[in-house]
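Visitor: structure for the following, please:
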Amino acid sequence: MDPHLLRTFVTVSRCGSFSQAARELGYTQSAVSQHIAALENDLGAILLLRRPVTATNVGVRLLEHAGPLLLRLDAARADIARLTAAPAARIVIGVSPLALSSLFTRTLADLRQTHPRLEVKVRVLGREDIPREVATSILDLGLIDGMAAPNDPLHLPDIGPLTAMAVAQQPLAVALPTQHPLSRRAGLRLVDLTDARWIDAPGTAISLSQLRTVSGSDGYRTSLRYEGTDIRGLIALVTAGHGLALLPQQSIDGMPGISAVPLAAPRLVHRTEALYSSTLDGPQALLAAALTAATG
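Guide: A predicted model of the protein is given here:
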């Protein structure tokens, strides 16, 4: 299966238009049509309906394979490029909104003292973007956070030979307004909160889909969806009574109008991991090695 044809198929499916896909890929519309026809001929199946442009059942199944396949090819190309390129005097770090830790900031400060001319760029990204951008060398290093059992690694997609290393682990707590009836509890169980109203903030808090998975319940009603990355905006919504949120306790403690009640069950923690390629060189590799040494 030709990856160029596969990439064209994915782009047409996403755009829903042969002409728009042609503009995006830099091909003529005729060339895009030829690519799709060649792929369909190779597989012996119709992948796209033409009017409107939508994937057939076979095409939908191929799309499920195509994304990971193309990403793995991009990751392989990036890995080879890292091995053959000269070390850069610039480092690009991607962090999910709650992933910055004092250990990382101290380690980065130490690196900049020894490399004063090092240009550093930090980008705040969604959790799902960081593994892909590290694998494809858009990022030199990523800091990603999520929920896990104590001392268990985060469940990250398998998109290449990347190294994941624990940087921080801290308790989770339910954020709720101070006037909430449950705000004075010593601890809360998720199972007791299935019927509560929640703010779904997948980019900042623990997502409601994860809560449903770990509890085996279809509860956790969405009162409001927050698509921002600023935790202060989320806290303001919780304070105003729009719903609950599950967050690392350290990020809630001391905030006015909010109670942070520890999560008593199940036993889960907020975990932060550094994600990078073993082929890193130069200051980027030094930062990764320093983080590894600091976490033991």
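Visitor: in a strand, P52, correct?
Guide: No. If the criterion is DSSP: H, G, I helix; E, B strand; the rest coil, then P52 is coil and not within a strand.
Visitor: what about the most centrally placed residue in the chain, which SS state?
Guide: The residue lying closest to the centre of the chain (Cα atoms, centre = their mean) is R127, at 1.7 Å. Three-state assignment for R127 (three-state DSSP): coil.
Visitor: counting contacts, what elements does the longest strand belonging to the chain pack onto?
Guide: When the chain is parsed with DSSP state E, its longest strand is strand 162-177. If you count contacts as 3 or more Cβ pairs under 8 Å, 6 or more residues apart in numbering; DSSP states H and E, strand 162-177 packs onto helix 102-114, helix 129-135, helix 231-239, strand 245-248, helix 249-252, strand 258-265, strand 269-277, helix 282-294. Where C-beta positions appear, they are placed from N, C-alpha and C, glycine not excepted.
Visitor: do I have it right that P153 meets E273?
Guide: Yes. Taking Cβ atoms under 8 Å as the definition, P153 is a contact partner of E273 at 7.0 Å.
Visitor: who's more crowded, these two?
Guide: When P153 and E273 are compared for neighbours, E273 comes out ahead with 23 against 13, by other Cβ atoms under 10 Å.
Visitor: I figured the more buried one hits L162, correct?
Guide: No. Look at E273 against L162 with Cβ under 8 Å: they stay out of range, at 10.3 Å.
Visitor: now the common contact residues for these two.
Guide: Between them, E273 and L162 share these contacting residues under Cβ atoms under 8 Å, 6 or more residues apart in numbering: L156.
Visitor: any idea how far L62 is from I91?
Guide: Distance, I91 to L62, by Cβ to Cβ, to the nearest Å: 37 Å.
Visitor: same thing with R197?
Guide: Applying Cβ to Cβ, the value for R197 to L62 is 40 Å.
Visitor: so S33: helix, strand or coil?
Guide: Per three-state DSSP, S33 ends up helix.
Visitor: what sits in contact with each of P153 and E273?
Guide: A164, A166.
Visitor: save the helices and strands packed on strand 162-177 as JSON lines, and put in mean pLDDT and distance to A168 too.
Guide: As requested, the helices and strands packed on strand 162-177 are exported to JSON lines (pLDDT from 0 to 100; distance: least, Cβ to Cβ, whole Å):
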{"stretch": "helix 102-114", "mean pLDDT": "90", "distance to A168": "6"}
{"stretch": "helix 129-135", "mean pLDDT": "93", "distance to A168": "16"}
{"stretch": "helix 231-239", "mean pLDDT": "95", "distance to A168": "16"}
{"stretch": "strand 245-248", "mean pLDDT": "96", "distance to A168": "9"}
{"stretch": "helix 249-252", "mean pLDDT": "92", "distance to A168": "9"}
{"stretch": "strand 258-265", "mean pLDDT": "95", "distance to A168": "17"}
{"stretch": "strand 269-277", "mean pLDDT": "93", "distance to A168": "4"}
{"stretch": "helix 282-294", "mean pLDDT": "85", "distance to A168": "11"}
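Visitor: which one of those lies nearest to A205?
Guide: Proximity to A205 (Cβ to Cβ) singles out strand 245-248 among the helices and strands packed on strand 162-177, at 4.2 Å.
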